[in-house]
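K.L.:
Quick one, fold the following:
(chains A and B)
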Amino acid sequence: MIRVGEAGVRSTVQDRGRFGHLRSGVPTAGPADPFALAAANALVGNAGDAAGIEIIGTPFRFSCDDARVVAVAGRDVSLATRSRLPGWGSVFVRAGQTVTVHSGERTRYAYLAVSGGIATTPVLGSRATYLPAFLGAPLRSGDLLPLGEAEAGAEDAARRIEPTAYDGQVRAIAGPHHDRFEKDAVGRFFAARFVVEPASDRQGVRLGGVPIAPRAGELLSCGVLAGAVQVPRGGAPIVLLADHQTTGGYPVIATVIAADVGKVAQRQPGESLRFYRVERDEALDALRAERRALDDARASA
Amino acid sequence: MKPRVVPFGESALLVELGDEFQEDVVGWARAIADHWETVARFGPAVPAYASALLRFDPLKTAPADAERVAEAMLERGQLTHVAGNEPRRVIEIPTAYDGPDLADTAARSNLSVERLIALHAEREYTAYFLGFLPGTAYCGRLDPRIVAPRLERPRERVPAGSVAIADGQTLVYPLASPGGWRLIGRTELAMFDPSADDPVRIRAGDHVRFIPL
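P.N.:
Okay, here's the model as predicted:
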């Protein structure tokens, strides 16, 4: 079991997402910053589909009933036991030892993984929390969550993964609706420096700065995914994140590559964001590089 | 617009079948999604009015291979046939017609409230696809006499079970949520139950009737 001592502002159990009921209108949910959760899981020796905890607003304090390997990843995150330990590395903790997850002023999401994974009962094939439909609930201090069987031990501590550079520069592929915009709108989009608006959450990141006017304001709703950059009437783009609805009715000017979705999610209101146009091959190279980093961390035991 | 397949990021394709809503295209979009999920088995699909989002893992399935399969589905014949073979289900929604927008919406169409209720309840609708929130089935078409646009100012909170109309379609809000459709009634019937094997009351392709209480 893991005992939650202090739950932060809003912390939820998340695995990589619920992909089996999209056609019933059930969003994937899962981590807003997918690579950070994947990294935390790899660092503690968990499989890619293991569940961890997404933390909004620290400190988050916990202890485990037995010895475990833990890791935290995200933007500007660290762990504290008796001493302060940087994020993106694995740490061995003894039974009952109190561990605190800390974050910085710029952190939006921190991800905690525990060896064995959070073993809450899956709902509709996933442990991902989706609050609008009451799939799971925010964690509260005093909560006890089951953990899976852990294979990692003390010898698996001190693994490292290179942290994501949360620099506000993200790569995106044009489309699928780029031809519904005036040609110069697409050029403007990839040249613009946007500013993240306060009304951003796990559903999407709203961008201000340069309005990108769509040729047609709305289109027939179609299926969408995390990373899609919708441009509603008015022209202020929204980048969809994990809790986005399964379908959307606004034209999508570009799609952030899967490897960079977390870099969008972690931007704070007032911070800037720029999109760089890439083709599919570069997106695949980025995914392969992520996969290598995760595999290397798992193999370094 | 000619049916086409366009990349949606590196991990999905969007099959676009047209720019306008047509009843027969909805079944085609669904058949494409079915084929993708059950025959090609590359990943989940999301059909909508005239499109299907096809997801895949590009580290397992080369995007070119995914595209080839998607392009082949634009050849229509066989897939529409599959859609026509779905077992016919009729879902009945017991409805109390007492929604807050009932009187306004009737007045707008120069109808009595009773007439609007009769026109809404006498049709058997088709569920086109699900989206918005879990279990939200977009159903149509409404009788042209009760077609009305969405509210100019969406409500911040629509109660779960609200029966609503807008833009020639009707739906039931499965959960309390913000919403801009016109509320004409409500049902006690749960539209979404995550503890069930099939969590939604109405599936795409179902026929739907509203039964006045």
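
K.L.:
In which helix or strand does residue B:209 reside?
P.N.:
Assignment of secondary structure by DSSP states H and E places residue B:209 within strand B:207-212.

K.L.:
Convert the longest helix along chain B to CSV, retaining C-alpha atoms only.
P.N.:
As assigned by DSSP state H, the longest helix anywhere in chain B is helix B:23-35. Listed next in CSV are the C-alpha coordinates belonging to helix B:23-35 (Å, rounded to 0.1, in the frame of the first residue of the first chain):
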residue,chain,number,x,y,z
GLU,B,23,-27.4,9.9,-43.5
ASP,B,24,-25.8,7.3,-45.7
VAL,B,25,-22.3,8.6,-45.1
VAL,B,26,-22.6,8.2,-41.3
GLY,B,27,-23.0,4.4,-41.8
TRP,B,28,-20.0,4.4,-44.1
ALA,B,29,-17.8,6.2,-41.5
ARG,B,30,-18.9,3.7,-38.9
ALA,B,31,-18.1,0.8,-41.2
ILE,B,32,-14.7,2.1,-41.8
ALA,B,33,-14.1,2.5,-38.0
ASP,B,34,-15.4,-1.1,-37.5
HIS,B,35,-13.1,-2.5,-40.2
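
K.L.:
And that helix, what's buried?
P.N.:
Neighbour counts over helix B:23-35 (16 or more other C-beta atoms under 10 Å in any protein chain shown) mark B:25, B:26, B:27, B:28, B:29, B:30, B:31, B:32, B:33, B:34, B:35 as buried. Heads up, the C-betas are built off the backbone N, CA and C, glycines and all.

K.L.:
Hmm, the third one is touching residue B:204, no?
P.N.:
No. Using C-beta atoms under 8 Å, residue B:27 is not in contact with residue B:204, being 9.3 Å away.

K.L.:
Report the separation between residue B:20 and residue A:196.
P.N.:
Counting by C-beta to C-beta, to the nearest Å, the gap between residue B:20 and residue A:196 amounts to 36 Å.

K.L.:
Need the mean per-residue confidence for stretch A:287-295.
P.N.:
Averaging the model's pLDDT scores along stretch A:287-295 yields 96.

K.L.:
actually stretch B:51-66, sorry about that
P.N.:
When the per-residue pLDDT values of stretch B:51-66 are averaged, the result is 97.

K.L.:
Ok, stretch A:240-257 next?
P.N.:
Averaged across stretch A:240-257, pLDDT comes to 95.

K.L.:
ditto for stretch A:96-114
P.N.:
Predicted confidence along stretch A:96-114 averages 96 (mean pLDDT).

K.L.:
and the end-to-end length of it?
P.N.:
Between the opening and closing residues of stretch A:96-114 there is a gap of 14 Å (C-alpha to C-alpha, to the nearest Å).

K.L.:
so where's the stretch 101-250 of chain A shaky on pLDDT?
P.N.:
A:214-218 (pLDDT under 70).

K.L.:
Which parts of the stretch 151-300 of chain A are strands?
P.N.:
For the stretch 151-300 of chain A, the strands defined by DSSP state E, counting those that start in this stretch occupy A:169-174, A:193-196, A:204-208, A:222-223, A:228-230, A:238-240, A:247-248, A:252-256, A:272-277.

K.L.:
how far does the fifth one sit from the chain's center?
P.N.:
Centroid separation between strand A:228-230 and its chain, computed with C-alpha atoms, centre = their mean, to the nearest Å, is 17 Å.

K.L.:
Give the pairing partners of it; include direction for each.
P.N.:
Within its sheet, and counting by DSSP bridges, strand A:228-230 is paired with strand A:238-240 (antiparallel), strand A:252-256 (antiparallel).

K.L.:
what does the third one give?
P.N.:
Strand A:204-208 has the following sheet partners, assigned by DSSP bridges: strand A:193-196 (antiparallel), strand A:238-240 (antiparallel).

K.L.:
related to what we said a few turns ago, more neighbours: which of residue B:20 and residue A:196?
P.N.:
When residue B:20 and residue A:196 are compared on other C-beta atoms under 10 Å in any protein chain shown, the one with more neighbours turns out to be residue A:196, at 23 against 10.

K.L.:
Spatially, what comes nearest to the more buried one if we skip its sequence neighbours?
P.N.:
Distance criterion C-beta to C-beta, 6 or more residues apart in numbering or on different chains; nearest residue to residue A:196, sequence neighbours excluded, is residue A:267 at 4.6 Å.

K.L.:
And the one you found, how close does it get to residue A:209?
P.N.:
Residue A:267 sits 12 Å away from residue A:209 when distances are taken as C-beta to C-beta.

K.L.:
Among these two, which residue is more densely surrounded?
P.N.:
Taking residue A:267 and residue A:209 together and counting by other C-beta under 10 Å, residue A:267 has the greater number of neighbours (24 against 15).

K.L.:
I'd say the residue nearest to residue A:196 and residue A:273 touch.
P.N.:
Yes. Under the criterion of C-beta under 8 Å, residue A:267 is in contact with residue A:273, at a separation of 5.6 Å.

K.L.:
who touches both of those two?
P.N.:
Common neighbours of residue A:267 and residue A:273, counting by C-beta atoms under 8 Å, 6 or more residues apart in numbering or on different chains, are A:168, A:196, A:205.

K.L.:
So which residues of the chain form helices?
P.N.:
Reading this off chain A. Listed in chain order (using DSSP H), the helices of chain A are A:34-43, A:183-191, A:261-265, A:280-299.

K.L.:
let's do chain B instead
P.N.:
With DSSP H as the criterion, chain B has helices at B:23-35, B:63-72, B:77-84, B:102-108, B:113-122.

K.L.:
Mean pLDDT lowest where, among the ones you listed?
P.N.:
Within the helices of chain B, confidence is poorest for helix B:77-84, with a mean of 56 (mean pLDDT).

K.L.:
Need the CA coordinates for stretch B:130-149. PDB is fine.
P.N.:
Taking Å, rounded to 0.1, in the frame of the first residue of the first chain, the C-alpha atoms of stretch B:130-149 are listed here in PDB:
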ATOM      1  CA  LEU B 130     -21.100   9.400 -29.700                       C
ATOM      2  CA  GLY B 131     -18.900  12.300 -28.500                       C
ATOM      3  CA  PHE B 132     -18.800  15.200 -26.200                       C
ATOM      4  CA  LEU B 133     -19.000  13.300 -22.900                       C
ATOM      5  CA  PRO B 134     -19.200   9.500 -22.300                       C
ATOM      6  CA  GLY B 135     -22.500   8.200 -23.600                       C
ATOM      7  CA  THR B 136     -23.600  11.300 -25.500                       C
ATOM      8  CA  ALA B 137     -25.300  10.000 -28.600                       C
ATOM      9  CA  TYR B 138     -26.100  12.600 -31.400                       C
ATOM     10  CA  CYS B 139     -29.400  11.600 -32.900                       C
ATOM     11  CA  GLY B 140     -31.400  12.800 -35.800                       C
ATOM     12  CA  ARG B 141     -33.100  14.100 -37.800                       C
ATOM     13  CA  LEU B 142     -35.700  16.200 -36.100                       C
ATOM     14  CA  ASP B 143     -38.900  17.200 -37.800                       C
ATOM     15  CA  PRO B 144     -38.000  20.300 -39.800                       C
ATOM     16  CA  ARG B 145     -40.700  22.200 -37.900                       C
ATOM     17  CA  ILE B 146     -38.800  22.000 -34.600                       C
ATOM     18  CA  VAL B 147     -35.300  22.700 -35.900                       C
ATOM     19  CA  ALA B 148     -33.800  25.600 -33.800                       C
ATOM     20  CA  PRO B 149     -30.200  26.800 -33.300                       C
END
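
K.L.:
Please state the offset of that stretch from the chain centre?
P.N.:
Centre-to-centre, stretch B:130-149 and its host chain are 7 Å apart (C-alpha atoms, centre = their mean).

K.L.:
how about it, does it reach chain A?
P.N.:
Yes. Against chain A, stretch B:130-149 shows contacts by C-beta under 8 Å from any C-beta of the partner chain at B:130, B:131, B:132, B:133, B:134, B:135, B:136.
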